[in-house]
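Participant: starting from these lines, generate the structure:
(one chain, ligands or ions: 1)
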Amino acid sequence: MPEYLIKGGTPLCGQLAVHGAKNAALPILAAALLCGRSVIHNCPDLTDVAAARNILHYLGCSTTQRQGTVTVEFTGGGDYRIPDRLMRAMRSSIVFLGAVIGRYGMAEVSMPGGCELGPRPIDMHLAALRKLGVQIDESGGVLRCTTPKGLHGASITLPFPSVGATENVMLAACLARGETRLSNAAREPEITDLADFLNAAGADIRFASDGSILITGVQALTGCEHRVIPDRIAASTYLSAAAVTGGEIILTHVCPDHLSAVLPVFEEAGCTLVCGADTIGLQAPQRLNSLGTVRTMPYPGFSTDAQSTMLSMAALARGTSVFIETIFESRYKQVGELVRMGANIRVEGRVAVVEGVSQLQGAVMSCTDLRGGAALAVAALAAKGESRLRQIHHIARGYENFDLNLQKLGAQITRV
Ligand code: EPZ
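Facilitator: Residues are numbered from 1 along each chain as shown. Alright, predicted model coming up:
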């Protein structure tokens, strides 16, 4: 199994272009099932994207990936049943449910397994799809969905602005008969990017001033050419690596607005930021100050996905930082590994209290999940001595060329 060998202590410096957003590319790939031929630019080369392409092949699409462009063409001859092995290959494969129902009028998928972040229930997805006319039989861990009277519009309010549930409603409603109003919808930039893709393919999706999403069903979608937005979480990860190593970097091909709740935490920690239209420059202090209290919230609040690498920054900062994780049940899986490096972190449920220490020691560690794994790499880059990071397949799910990008910034990281 490949591992990362990281020698800490080198301040990261230089310029790096950030890849396209994983969490925009995945729902857009699902949406391509509803279209004819779609050309998706700035699509990141990730294992989760490869898993999504495998699912599309099974569903009757052909796909190609050349550099950052993925082309998807619906050729027919697919199946509305996604096999368990493909569903389990990617936690977010549940987003295909709405697209398969939109394409075939029925779907059969296995209940997505939990993941490292907790049970990952889909009750909100199913309740919303039922409102759109989907009959769902949940038995034996398999969801059997049919639409005896076809898909029809509905007025739906989500109990929580779930990103995945919002995406499934958009995918199922864009070809339904009539109007759908989705209230308390997620507002992440990836939702807007999905709407842009669908509208370019002929859908009619609008955003009301109260954040509701209005979808008027259309007869069919054609296809389109679309460029995926930058990955705001990957951007935050590389900024964290520069911040914790006392470095100075410029990120390009990013959208600073998408990080409006995250950048102030870097400034609170003592970093100097200079933002351009599609660049973010960060200059780190010799040692970070406390990050204060970081509470994760649905967008536009502080993103839960940016919390993990910020925790690594706090581990080495002056003073105490407090993290309150309100989105996922257990997003502190990597804390045990950080403590083995000498971090002083106490976790009580969704709260983590971090007493910064002046130095971490390199260690042999195992990644627990995607963002937790990135957080361990960030800590190792600042630690004294050498670290060995195992189970790095978690990192490959969401970061394109992770080690090569860090090497470009001067990090001593090699894949062995
Ligand atoms: C998306 O996950 C992202 N994944 C996650 O990024 C991200 O952390 C999350 O949104 C929140 O921003 C993709 O976009 C592929 P949710 P999703 O539905 O859609 C609970 C990463 O690191 N919930 O907004 O699964 C759920 O358990 C990943 O890139 C229900 O209870 O997130 C969670 O606690 C990790 N019932 C909370 O809501 C439901 O039916 C937020 O979930 C649905 C969700």
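
Participant: C-alpha only now, for contacts and for neighbours.
Facilitator: Fine.

Participant: by contact count, what packs against whichever helix or strand Val322 is part of?
Facilitator: Here Val322 sits within strand 320-324, counting by DSSP states H and E. On a contact count with 3 or more C-alpha pairs under 8 Å, 6 or more residues apart in numbering; DSSP states H and E, strand 320-324 meets strand 293-295, helix 304-315, strand 351-355.

Participant: right, and the ones you listed - which one's nearest the ligand?
Facilitator: Closest to the ligand of these is helix 304-315 (C-alpha to the nearest ligand atom; 5.1 Å).

Participant: any part of that closest one near the ligand?
Facilitator: Yes: using C-alpha under 6 Å from any ligand atom, helix 304-315 reaches the ligand at 304-305.

Participant: okay, Thr245 and Glu225: tell me how far apart.
Facilitator: Look at Thr245 and Glu225: by C-alpha to C-alpha, to the nearest Å, they are 39 Å apart.

Participant: likewise Ser312?
Facilitator: In this view, Ser312 and Glu225 are 39 Å apart by C-alpha to C-alpha.

Participant: more crowded one of those two?
Facilitator: Between Ser312 and Glu225, Ser312 has the larger neighbour count (other C-alpha atoms under 10 Å), namely 28 against 14.

Participant: what about Cys145, neighbour count?
Facilitator: Residue crowding around Cys145 was assessed by other C-alpha under 10 Å; the count is 25.

Participant: close to the ligand: what parts of the protein are there?
Facilitator: Within reach of the ligand by C-alpha under 6 Å from any ligand atom, the chain has these residues: 23, 92, 120-125, 162-165, 304-305, 327-328, 370-371.

Participant: mark which of those residues are buried, thanks.
Facilitator: Using 16 or more other C-alpha atoms under 10 Å as the burial test, those include 23, 92, 124-125, 162-165, 304-305, 327, 370-371 as buried.

Participant: was I right to think Arg350 contacts Glu325?
Facilitator: Yes: at 5.1 Å, Arg350 and Glu325 qualify as touching, with contact defined as C-alpha atoms under 8 Å.

Participant: for the worst-scoring helix or strand of the chain on mean pLDDT, list the C-alpha coordinates in PDB.
Facilitator: The helix or strand of the chain with the lowest confidence, counting by mean pLDDT, DSSP states H and E, is helix 84-88 at a mean of 87. Presented in PDB, the C-alpha positions along helix 84-88 are these (Å, rounded to 0.1, in the frame of the first residue of the first chain):
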ATOM      1  CA  ASP A  84     -23.700  -2.600  -4.300                       C
ATOM      2  CA  ARG A  85     -20.000  -2.700  -5.200                       C
ATOM      3  CA  LEU A  86     -20.300   0.500  -7.200                       C
ATOM      4  CA  MET A  87     -22.500   2.200  -4.600                       C
ATOM      5  CA  ARG A  88     -20.000   1.400  -1.800                       C
END
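
Participant: elements contacting that helix?
Facilitator: The criterion is 3+ C-alpha pairs under 8 Å, 6+ apart, and the helices and strands that helix 84-88 contacts are helix 47-58, strand 106-110.

Participant: export the shortest one as PDB, just CAs?
Facilitator: Going back to what we said before, that points to strand 106-110. Taking Å, rounded to 0.1, in the frame of the first residue of the first chain, the C-alpha atoms of strand 106-110 are listed here in PDB:
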ATOM      1  CA  MET A 106     -37.100   3.900 -11.500                       C
ATOM      2  CA  ALA A 107     -34.000   3.100  -9.600                       C
ATOM      3  CA  GLU A 108     -32.600   0.300  -7.400                       C
ATOM      4  CA  VAL A 109     -29.600   1.100  -5.300                       C
ATOM      5  CA  SER A 110     -28.100  -0.300  -2.100                       C
END
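
Participant: got the contact list for that strand?
Facilitator: Here strand 106-110 makes contact (C-alpha atoms under 8 Å, 6 or more residues apart in numbering) with 80-84, 87, 97, 100-101, 141-147.

Participant: how about Gln286, secondary structure?
Facilitator: At Gln286 the chain is in coil, as set by DSSP: H, G, I helix; E, B strand; the rest coil.

Participant: wait, doesn't it sit right on Ala243?
Facilitator: No: checked against C-alpha under 8 Å, the pair Gln286 and Ala243 is beyond contact range at 9.0 Å.

Participant: those two: which has the busier surroundings?
Facilitator: Neighbours were counted for Gln286 and for Ala243 using other C-alpha under 10 Å; Ala243 has more, 30 against 14.

Participant: any idea of the pLDDT on the more buried one?
Facilitator: Note on Ala243: pLDDT of 98.

Participant: tell me which residues touch it, please.
Facilitator: For Ala243, the contact set (C-alpha under 8 Å, 6+ apart) comprises 266, 271, 282-285, 288, 313.

Participant: hmm, back to that, reformat the buried ones among the residues of the chain next to the ligand as CSV; add pLDDT.
Facilitator: What follows is those, written out as CSV (pLDDT from 0 to 100):
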residue, pLDDT
Asn23, 97
Ser92, 83
Met124, 95
His125, 95
Ser162, 97
Val163, 97
Gly164, 96
Ala165, 97
Thr304, 97
Asp305, 97
Ile327, 95
Leu370, 95
Arg371, 97
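
Participant: any idea how far Thr63 is from Arg88?
Facilitator: 20 Å.

Participant: what about the helices in this structure?
Facilitator: For the chain, applying DSSP state H gives helices covering 22-31, 47-58, 84-88, 96-104, 123-131, 163-173, 189-200, 232-244, 263-268, 304-315, 335-340, 370-382, 393-396, 402-408.
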